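let's see this in three dimensions:
(2 chains)
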Amino acid sequence: MLWYIGRRLLQLVPVFLGATLLIYFMVFSLPGDPVAALGGERGLQPAVAEQIRQQYNLDKPFFVQYLLYLKGILTFDFGITFSGRDVMDVMREAFPVTFKLAIMALVFEAVFGIAVGLVAGLRQGGIFDATALLTSLFVIAVPTFVIGFVLQFVIGVKLGWLPATAGSDPDLRSLLMPGVVLGAVSFAYVLRLTRTSVAENLGADYVRTARAKGLSRGRVTTVHVLRNSLIPVVTFLGADLGALMGGAIITEGIFNINGVGGTLFRAIQAGESATVVSLTTVLVIIYIFANLLVDLLYALLDPRIRYA
Amino acid sequence: MPEIARKHQEHFFAEVDETGLGAVDAVADSGAPSTLWSEAWHKLRRRPLFWISAGLIALVVIVAVFPGMFTSQSPRYCLLENSLGDGRAGHPFGFDRQGCDIYTRVIYGARPSVLVGVLTTIAVTILGTAIGAFAGSVGGWVDSILSRITDIFFAIPLVLAAIVMMQMFSGRRGILTVVLVMTAFGWTSIARITRGSVMGVKNNDYVTAARSLGMSGNSILLRHVLPNAAAPIIVYATVALGTFIVLEATLSFLGIGLPPAVVSWGGDINTAQASLRVRPEVLFYPAGALALTVLSFIMMGDAVRDALDPKVRGR
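Residues are numbered from 1 along each chain as shown, chains lettered A, B, ... in the order given. Predicted coordinates for the structure are as follows:
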């Protein structure tokens, strides 16, 4: 087990290096001069611009810049933004909010997706199943930002049940609607995955055996059908955490949440490589660790899997 | 007693229907062999879901190719005096904030969406299949390196990568740049699927047989290995087409997708935001058209998957 975790962590290194290099290169080749933009209408004194370039290593060739940035990361020095803030500070502010939002979305999609998917799978072909499938198709087909607008307008503005925007330092109640919007598409996928998986496992030999042994219906459903059906669902949920945090840009924009998405979007437009690369790198690391966690969870769900 | 028994026994004589040797040889095997594809088609033909989605897709494609057939107006002919006006004869959906006819804009918005979806899907399928098949068939260190590269591209969230990369093209954005950007980060799933299928198939007996018959590596790959990977790739590509259309709309919605000069559903949804509280219909029509298009591709993917899946065979 430890050996397996160690090997996986080693595999993380090239992915980490490659992802940072790729993002760094993309931000590096953004058109426009970020330093000139700092001066605004009046422009910077040449000497000041030169000094800023030196301070941010912008006068050095691409690879030197990248290596200097990497060196910083290894000592947890993520650099400073153009406005003089420590990127670490920016991340400390942005990540908790987005993390809360992503967890909210994840809990929503896991609880409702698995519950609805299970019932739909158990009663395949029934009215509940048809409604659930139709709803899931609808949710996948309508873009997130449309769902966001409509919910915000109907629940937040017209009915006033929940706050329409979250603002800075949001509480759980104001994150409820954004969380549902963010998790909506994944909810549909979880529902469909669970349903297919349950329907498939219902016909499996071990389920028939369990029934023949005289086990109660509830026990067969929860222990034999559900546990086996959860394997693909857990894989999806693990991979989804990273995608949710990275994909929160739109939801955060609609509900005015000051998280990773908004910070990233602004940093991309300003060409601030240190901020963009740092935020993305942390997102990638979260994604990789979530996947590692999922692989370890397999062993719990499926006794046939053992990590040597 | 014996007589009675014999009488009873008469009932048990079955008619002898012996098949002549000649008849056995003449069994018709000239019909088309039942392949995975012919069977899938046979099953698809009986699914209403397939026909509904096929009809919708055909409709959207026709609208995209010949928008002039459905409206005689120009999507850019806008009169401010019509701003947010109600629908009336000739303008069934009413007008948006700029006074443009919503129906016409919805009709003309189909082309960029469909074009982006189709082109990206084709590009992603070619690129993903090539990389996945190469990695899977060559194996060894080439496979390790290509798999790590796939991991890198897979680990970066698609929306995020697309935003950064679209920013690189600011000022030169168009349909082809959107396709390029989405392809650059969208190929990983197909590469993984193809690699997995190739690895699973390449040690099968029929591949060994083809090799021992002297077939070259490339033709084995094309004739025997890839056709086996085609089913999951086609299913993924059909559904992905829908998600690419959504992603394009998302980028246009963020203002970094197609330029405002291109009439697109994403761009119209973006501008409709401002009028949502006054007239929700302005948002409803382009969003509805987008959703219906995506829905039809997802339903098609579902139908094809069920038809190709041997587990649901015979139900």
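
for the stretch 201-308 of chain A, what lies in contact range of chain B?
Within the stretch 201-308 of chain A, the positions near chain B by Cβ under 8 Å from any Cβ of the partner chain are A:242-243, A:245-247, A:249-250, A:253, A:264-265, A:268-269, A:276, A:280, A:283-284, A:287-288. C-betas here are computed from N, CA, C, even on glycine.

6 Å - rerun?
Counting by Cβ under 6 Å from any Cβ of the partner chain, the positions of the stretch 201-308 of chain A adjacent to chain B are A:243, A:246-247, A:268, A:284, A:287.

what is the neighbour count of B:Ile298?
With neighbours defined by other Cβ atoms under 10 Å in any protein chain shown, the count for B:Ile298 comes to 22.

that one contacts B:Leu241, doesn't it?
No: using Cβ atoms under 6 Å, B:Ile298 is not in contact with B:Leu241, being 9.0 Å away.

quick one: the helices in the chain?
No chain in the question, so chain A it is. Per DSSP state H, chain A carries helices over the ranges A:2-28, A:34-38, A:46-55, A:62-74, A:87-122, A:127-141, A:144-151, A:172-202, A:205-212, A:217-219, A:227-246, A:248-254, A:260-270, A:273-301.

was after chain B, sorry
Taking DSSP H to define them, one finds helices in chain B at B:2-10, B:21-25, B:36-45, B:48-65, B:102-138, B:140-155, B:158-168, B:175-186, B:188-201, B:205-212, B:217-220, B:226-253, B:265-272, B:281-308.

let's have the ones you listed in TSV, adding mean pLDDT and distance to A:Glu109.
Formatted as TSV, the entries for the helices of chain B read as follows, by pLDDT from 0 to 100; distance: least, Cβ to Cβ, whole Å:
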stretch	mean pLDDT	distance to A:Glu109
helix B:2-10	52	70
helix B:21-25	68	59
helix B:36-45	79	31
helix B:48-65	88	25
helix B:102-138	89	25
helix B:140-155	87	20
helix B:158-168	82	17
helix B:175-186	89	22
helix B:188-201	86	20
helix B:205-212	83	41
helix B:217-220	80	43
helix B:226-253	84	17
helix B:265-272	83	24
helix B:281-308	85	18
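
buried deepest among the ones you listed, which one?
A comparison of those by mean neighbour count, using mean count of other Cβ atoms under 10 Å in any protein chain shown, puts helix B:265-272 on top with a mean of 25.

nearest to A:Gln51, out of the helices of chain B?
Of all the helices of chain B, the one in closest proximity to A:Gln51, counting by Cβ to Cβ, is helix B:158-168 (26.2 Å).

is it possible to get a markdown table of the helices of chain B that adds distance to chain A?
Formatted as a markdown table, the helices of chain B follow (distance: least, Cβ to the nearest Cβ, whole Å):
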| stretch | distance to chain A |
| --- | --- |
| helix B:2-10 | 42 |
| helix B:21-25 | 37 |
| helix B:36-45 | 17 |
| helix B:48-65 | 10 |
| helix B:102-138 | 11 |
| helix B:140-155 | 4 |
| helix B:158-168 | 5 |
| helix B:175-186 | 10 |
| helix B:188-201 | 11 |
| helix B:205-212 | 26 |
| helix B:217-220 | 28 |
| helix B:226-253 | 5 |
| helix B:265-272 | 6 |
| helix B:281-308 | 4 |
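
circling back: pick the most deeply packed of the helices of chain A.
Sort these by mean neighbour count, taking mean count of other Cβ under 10 Å, and helix A:248-254 sits at the top with a mean of 24.

and that one, what other elements does it pack with?
Secondary-structure packing of helix A:248-254 (3 or more Cβ pairs under 6 Å, 6 or more residues apart in numbering or on different chains; DSSP states H and E): helix A:144-151, helix A:172-202, helix A:260-270.

which of those helices has the lowest mean pLDDT?
Mean pLDDT values for these show the minimum at helix A:260-270, a mean of 81.

I'd like to know which elements that one is packed against.
helix A:87-122, helix A:248-254, helix A:273-301, helix B:158-168.

those helices: which one's closest to B:Leu213?
Across the helices and strands packed on helix A:260-270, closest to B:Leu213 is helix A:273-301 (Cβ to Cβ), at 40.5 Å.

the closest one vs helix A:2-28, what angle?
150 degrees (axes from the mean of the first three to the mean of the last three Cα atoms, to 10 degrees).

for chain A, what is the nearest residue in chain B?
Going by Cβ to the nearest Cβ, chain A is nearest to B:Pro157 of chain B, at 2.6 Å.

can you check the pLDDT for the closest residue to that residue other than its chain neighbours?
In space, and not counting its chain neighbours, B:Pro157 is closest to A:Gly246: 2.6 Å by Cβ to Cβ, 6 or more residues apart in numbering or on different chains. The predicted structure scores A:Gly246 at 76 on the pLDDT scale.

need the contact list for A:Gly246.
By Cβ atoms under 6 Å, 6 or more residues apart in numbering or on different chains, the contact list for A:Gly246 reads A:283, B:157, B:160.

nearest to B:Tyr108, of those?
Using Cβ to Cβ as the measure, the one of those that approaches B:Tyr108 most closely is B:Leu160, at 30.2 Å.

residues contacting that closest one?
Residues near B:Leu160 by Cβ under 6 Å, 6+ apart: A:Gly246.

in the stretch 201-308 of chain A, where is pLDDT below threshold?
For the stretch 201-308 of chain A, residues meeting the criterion pLDDT under 70 lie at A:303-308.

at 80 instead, please
A:239, A:242-243, A:246-247, A:268-274, A:288, A:291, A:295-308 (pLDDT under 80).

which single residue of the stretch 101-250 of chain A ends up nearest chain B?
The minimum distance from the stretch 101-250 of chain A to chain B, using Cβ to the nearest Cβ, falls at A:Gly246 (2.6 Å).

let me see the backbone angles for the closest residue to B:Val159 other than its chain neighbours.
Nearest residue to B:Val159, sequence neighbours excluded (Cβ to Cβ, 6+ apart): A:Gly247, at 4.9 Å. Comment: the main-chain dihedrals of A:Gly247 come out as phi -90, psi 10, following degrees, to the nearest 10.

count of neighbours near A:Gly247?
Neighbours of A:Gly247 under the rule other Cβ under 10 Å: 24.

B:Gln98 too?
Other residues near B:Gln98 come to 15 when the count uses other Cβ under 10 Å.

bridging residues for the closest residue to it other than its chain neighbours?
In this structure, B:Gln98 finds its nearest non-sequential neighbour in B:Cys78, 4.7 Å apart by Cβ to Cβ, 6+ apart. When assigned by DSSP bridges, B:Cys78 has beta-bridge partners B:Cys100.

test my guess that B:Cys78 contacts B:Asp96.
No: B:Cys78 is beyond contact range of B:Asp96, at 8.0 Å (criterion: Cβ under 6 Å).

so between the two, which is more surrounded?
Each of B:Cys78 and B:Asp96 had its neighbours counted (other Cβ under 10 Å), and the higher figure belongs to B:Asp96 (26 against 18).

what pLDDT does that one get?
The predicted local confidence for B:Asp96 comes out at a pLDDT of 71.

dump the residue contacts of it.
B:102, B:282.

so B:Leu49 touches B:Gly301, yeah?
No: when contacts are counted by Cβ under 6 Å, B:Leu49 is not listed as touching B:Gly301 (10.6 Å).
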